[in-house]
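Asker: prediction below, plus the sequence it came from.
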Amino acid sequence: NYCKGLSLMMLKNYDDAIAQFDRCIAIDDKFAVAYSNRAASKASQNNLSGAIIDCNKAIELDKSNKQFYFVRAGIRMFSNDTIGSCEDLEKAKNLGFDKVQVLIEKFCN
């Protein structure tokens, strides 16, 4: 289901991708990456509030995953939450995601 979800995301078939990630989460409600990818799919459909909820769950399950903070930072930026976005970019950077420094300098300073 997870691989199908990823493939469907790449094909921009977000409804079906979300359904696949839903199945993953139904099987294992602690599958943090499924929440993160479902968040990205929801964000691609402009369901930003649903995407934030899924990002929050992914981070709750795995606070050390820098990618989760990066995904939520992007969604927050599109939600006009610049402060929250910058906090997430800083957190991703502190977890070792050095490439976000460019975004921090562009949007957060």
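Answerer: It's in.
Asker: would you mind confirming that Ala17 makes contact with Leu8?
Answerer: Yes. Using C-beta atoms under 8 Å, Ala17 is in contact with Leu8, at 3.8 Å. For every residue, glycine as well, the C-beta is placed using N, CA and C.
Asker: these two: which has the busier surroundings?
Answerer: Set Ala17 next to Leu8 and count neighbours by other C-beta atoms under 10 Å: Ala17 wins out with 25 against 19.
Asker: and that one, what does it touch?
Answerer: Listed by C-beta atoms under 8 Å, 6 or more residues apart in numbering, the contact set of Ala17 reads 5-6, 8-9, 37-38, 41.
Asker: what's the helix or strand for Gln67?
Answerer: Per DSSP states H and E, Gln67 falls inside helix 66-78.
Asker: and that helix, what's buried?
Answerer: By 16 or more other C-beta atoms under 10 Å, the buried positions in helix 66-78 come out as 66, 68-77.
Asker: who are the contact partners of Trp66?
Answerer: In this structure residue 66 is Lys, not Trp. By C-beta under 8 Å, 6+ apart, the contact list for Lys66 reads 91-92, 95-97.
Asker: which one of those residues sits in the busiest neighbourhood?
Answerer: Using other C-beta under 10 Å as the neighbour criterion, Ala92 leads the contacts of Lys66 with 25 neighbours.
Asker: from Phe78, how far off is that residue?
Answerer: Applying C-beta to C-beta, to the nearest Å, one obtains 16 Å for the distance of Ala92 from Phe78.
Asker: now Gln21: closest residue in space, sequence neighbours ignored.
Answerer: Quick fix: residue 21 reads Phe, not Gln. Residue nearest to Phe21 in three dimensions, not counting chain neighbours: Arg38, with 3.8 Å by C-beta to C-beta, 6 or more residues apart in numbering.
Asker: what does Lys12 give?
Answerer: Counting by C-beta to C-beta, 6+ apart, the residue nearest Lys12 is Ser44, at 7.3 Å.
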